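[1] I need the structure of the sequence given here:
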Amino acid sequence: MPTSKVAIITGGASGLGLAVAEVFSQKGWRVHIFDLNEASLGNCAFHKVDVSSWESLSSSFDAVFKIEGRLDFVFANAGVMEKGKFFEKHELSSPPPEPDESSIDVNLKGVIKTSYLAQHYFRANTNGDKDCVLIMTSSIAGIYPQAITPLYAAAKAGILNFMRSVAPLFYQEDGIRTYAICPGSVRTNLLPKELWDAYPQEYLTHMDKVTSTVESLVEGAQLQDSLGKKFEKSIVGLTVEIFVDDVYFRDPPDPCNDGMRFVLELMRPKKKEGISEN
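    Numbers count the residues shown, from 1 in each chain. Purely as a prediction, here's the structure:
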């Protein structure tokens, strides 16, 4: 059985995915990058993958596991910006053109497919000391309304509720620790240079703060947010907002009343001893 830990990072050929890949590669991990665009990846292995395609994604997961024999960390990070103009006016005498939903196909459906496959191959691990981690990339657009890109915002918000829904059972059934990060605006190639130059530079989120947060979550290291809340390894389903150089642990919404609280408790899986949910 290989002793080096193994990671799969979707959208890892540039931006945040590449930065996280470099962090774990330097730590001696065997890192496999899934992306459509190949880049200079150092010691990382590249696989041309379309995360919106089940065949492309599932066959690549299978190939990695057959090569490595183990899987320890999956970073469901691939994302694209919204295309098209949702509020554009069209001729009223006929139906409008179909909206471009590629941002939902990649940002939400791609994360769901990636998480489903991660669950399967984490279960296939034979190493006895496995501590498998799944992290999904959402965004501040998943927390706050964003009129300029409503489909992107919908996808990123969907990631949060999906993560909170699967995280307790992932941990209770298979010991998979699952989290979501919500970075602010990090200067990557998702937007052109002129837009980044026009953005208030003091409100750009620091890439190294995002990568160090991901590293802490994977390693189960103690992490404290800017309001004094503490993260421990036994906490699952954590949403971490990252803005400039600060982190904030974001709780799910409170029930509207005692009746809803009772209903939610009925639907909640029974917690095993030593597990806390965020």
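[2] quick one: low-confidence ranges for the chain?
    Under the criterion pLDDT under 70, the flagged ranges of the chain are 1-2, 127-129, 271-278.
[3] Kindly recompute the last result at 90.
    By pLDDT under 90, the weakly predicted segments of the chain are 1-3, 38-43, 126-130, 187-200, 220-224, 226, 228-236, 267-278.
[4] Regarding it, what is its longest helix?
    Longest helix in the chain by number of residues (criterion: DSSP state H): helix 150-174.
[5] Give the buried residues for that one.
    150-160, 162-164, 166-168, 170-172 (16 or more other CB atoms under 10 Å). The C-beta positions use only the backbone N, C-alpha and C, and glycine is treated the same way.
[6] Strand partners (parallel or antiparallel) of the next helix-or-strand element following that helix?
    Once helix 150-174 ends, the next helix or strand along the chain (criterion: DSSP states H and E) is strand 177-183. Partner strands for strand 177-183, per DSSP bridges, with pairing direction: strand 133-137 (parallel), strand 238-243 (parallel).
[7] picking that back up, between the longest helix of the chain and strand 177-183, how many degrees?
    Going by axes from the mean of the first three to the mean of the last three CA atoms, to 10 degrees, helix 150-174 is angled at 160 degrees with respect to strand 177-183.
[8] Show me what helix 150-174 is packed against.
    Helix 150-174 sits against helix 102-104, helix 110-123, strand 133-137, strand 177-183, strand 235-236, strand 238-243, with contacts defined as 3 or more CB pairs under 8 Å, 6 or more residues apart in numbering; DSSP states H and E.
[9] Could you report the neighbour count for Thr188?
    For Thr188, the neighbour count with other CB atoms under 10 Å is 17.
[10] Tell me where the stretch 1-150 of the chain has strands.
    Taking DSSP state E, counting those that start in this stretch, the strands of the stretch 1-150 of the chain run over residues 6-10, 30-35, 45-48, 73-76, 133-137.
[11] Which one of these lies nearest to Thr211?
    When the strands of the stretch 1-150 of the chain are compared by CB to CB, strand 73-76 sits nearest Thr211, at 10.7 Å.
[12] related to what we said a few turns ago, adding distance to Phe24, write the helices and strands packed on helix 150-174 out as TSV.
    Listed next are the helices and strands packed on helix 150-174 as TSV, based on distance: least, CB to CB, whole Å:
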stretch	distance to Phe24
helix 102-104	27
helix 110-123	15
strand 133-137	11
strand 177-183	15
strand 235-236	21
strand 238-243	18
